[in-house]
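1. pasting a predicted model and its sequence here:
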Amino acid sequence: MRACRHEPVPHTPVWFMRQAGRSLPEYLKVREGIPMLESCMRPELVKEITLQPVRRHKVDAAIFFSDIVVPLKAIGIDVDIKPGIGPVIADPIRTFADLERLRPLEPDDVPYITEAVGLLVDELGPTPLIGFAGAPYTLASYLVEGGPSKNHENTKAMMYGAPDLWAALLDRLAGITSAFLKVQIEAGASAIQLFDSWVGSLAPDDYRRSVMPASTKVFDAVAGYGVPRIHFGVGTGELLGLMGRAGADVVGVDWRVPLNVAAERVGPGKALQGNLDPAVLFAPTRAVETKAREVLHAAQALGSSGHIFNLGHGVMPSMDPDALTRLVAFVHEAGAR
Ligand SMILES: Cc1c2[nH]c(c1CCC(=O)O)Cc1[nH]c(c(CCC(=O)O)c1C)Cc1[nH]c(c(CCC(=O)O)c1C)Cc1[nH]c(c(C)c1CCC(=O)O)C2
């Protein structure tokens with residue numbers, strides 16, 4: 001939390017996006033026979049899965065085990081997470097009439113989230129819990145396409161061709177996302193991350209016009225709590241400045257932009273999170289450490305604090321968990337003040 005606020009830290013803190021999940025044998029064991037979305041609704045199981053990578057890797061933060069589509073499911077959208085595919089929406093959102101299915105989210109829709117966060121905060125003690133949600137653009141891409149998409153063609157067709165419908169869709173999603181984050185913060189989450197995983201597919205002008213207002217609305221909605229707000233997307237090199245200006249305190253960076261360059265794009269006053277290429281973890285330990293040291297060096301542009309070490313995107317299921325554990329120890333040692 002101190003690194004998020006540019007305060008002095010004993011060492012660079014580290015956690016990994018998707019640190020909980022299929023890279024861990026203990027996860028595969030407890031998930032056996034339980035569908036993904038159902039597992040997100042069982043507080044004891046959520047607690048166990050969230051804690052697994054903290055115990056194993058000694059990371060400096062826990063990320064709440066859930067999924068970006070959980071709030072959509074909670075308001076009655078017919079969505080499922082298909083193994084190896086991702087979220088699939090039975091009836092995509094394409095018209096103004098479809099929007100009526102996106103009703104506001106109430107805390108009572110997600111009692112299992114409140115309960116799981118409470119259990120976790122008790123158990124984690126001083127280790128912070130990061131809550132999260134999907135940002136309006138990324139959620140819209142799943143809702144409009146009906147599932148994962150490479151080119152986001154239906155999404156962009158609506159954004160360019162039906163701007164009023166698009167704005168109304170993103171505004172509704174901003175409300176749902178804000179409510180979902182508030183539930184997690186009020187239950188005790190120390191920080192939040194807004195994942196706009198697929199927004200890197202947009203040019204800066206389109207982002208500014210068609211997406212930034214909804215993301216700003218989300219950040220504004222939770223500003224009053226004073227918890228650090230992290231914002232991340234993949235391939236967002238050209239958007240980093242705007243994503244910071246949308247209201248993030250910490251901007252997540254993928255591996256394509258060195259952190260010293262990202263610091264210039266984001267400007268003073270914001271911390272950075274990232275940005276080791278996840279694929280580096282498949283190389284021998286010496287190579288991992290060389291690349292991790294490069295990340296730490298580039299982050300020195302931020303001064304003595306304001307860097308949270310992470311991967312440039314999520315942990316992959318085929319990664320060796322021991323390589324991640326070794327990386328945490330290395331960052332703690334090489335990033336000591
Ligand atoms: C785009 C997105 C999704 N979900 C999420 C994002 C944003 C992050 C990113 O950019 O990767 C966010 C997410 N999903 C999950 C977490 C858990 C917390 C953590 O990071 O440890 C988080 C933060 C669990 C999950 N979410 C999912 C899994 C795998 C399902 C399983 O274990 O059966 C987990 C552990 C499923 C999911 N859900 C989604 C995808 C693309 C997939 C993968 C599909 C597949 O490859 O099988 C949508």
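-> Looks like it came in fine.

2. so who does the closest residue to A262 other than its chain neighbours touch?
-> Distance criterion CB to CB, 6 or more residues apart in numbering; nearest residue to A262, sequence neighbours excluded, is V253 at 4.5 Å. In this view, the C-beta of every residue, glycine as well, is placed from N, C-alpha and C. V253 is in contact with T236, L240, L259, A262, L272, Q273, G274, N275, G312, counting by CB atoms under 8 Å, 6 or more residues apart in numbering.

3. buried residues, stretch 177-194. List them.
-> 177-185, 187-194 (16 or more other CB atoms under 10 Å).

4. contact partners for G76?
-> Shown in contact with G76 (CB under 8 Å, 6+ apart): R101, R103.

5. pretty sure it sits in a strand.
-> No: per DSSP: H, G, I helix; E, B strand; the rest coil, G76 lies outside any strand segment and is coil.

6. residues in contact with the closest residue to the ligand within the stretch 201-337 of the chain?
-> Residue of the stretch 201-337 of the chain nearest the ligand, by CB to the nearest ligand atom: G314 (4.3 Å). Going by CB under 8 Å, 6+ apart, G314 touches F16, M17, R18, P278.

7. residues contacting the first one?
-> The reference is to F16. F16 touches P53, H57, V59, N310, L311, G314, V315, L324, counting by CB under 8 Å, 6+ apart.

8. just the ones of these in helices?
-> Among those, the members falling in helices (DSSP state H) are P53, H57, L324.

9. coming back round to it: kindly identify which of the contacts of G314 also come near the ligand.
-> Checking the contacts of G314 against the ligand by CB under 6 Å from any ligand atom, the ones in range are M17, R18.

10. if you rank the contacts of G314 by neighbours, which is first?
-> Among those, the one with the most neighbours (other CB atoms under 10 Å) is F16, at 25 neighbours.

11. related to what we said a few turns ago, of the contacts of V253, which belong to strands?
-> L272, Q273, G274, N275 (DSSP state E).

12. and the last one, how close does it get to H307?
-> What it means is N275. 10 Å (CB to CB, to the nearest Å).

13. more neighbours: which of these two?
-> Neighbour count, other CB under 10 Å: between N275 and H307, H307 has more, with 30 against 23.

14. for the chain, list the residue farthest from the centre, please.
-> A97 (30.0 Å; CA atoms, centre = their mean).

15. distance of L28 from the ligand?
-> 8 Å (CB to the nearest ligand atom, to the nearest Å).

16. rewinding a little: ramachandran coordinates for the residue nearest to A262?
-> Phi and psi for V253, reported as degrees, to the nearest 10, are phi -130, psi 130.

17. around the ligand, which positions in the chain sit nearby?
-> The chain comes close to the ligand at residues 17-22, 31, 36, 63, 65, 67-68, 81, 83-84, 86-87, 132, 148, 195, 197, 314, as judged by CB under 6 Å from any ligand atom.

18. alright, that wraps it up for me.
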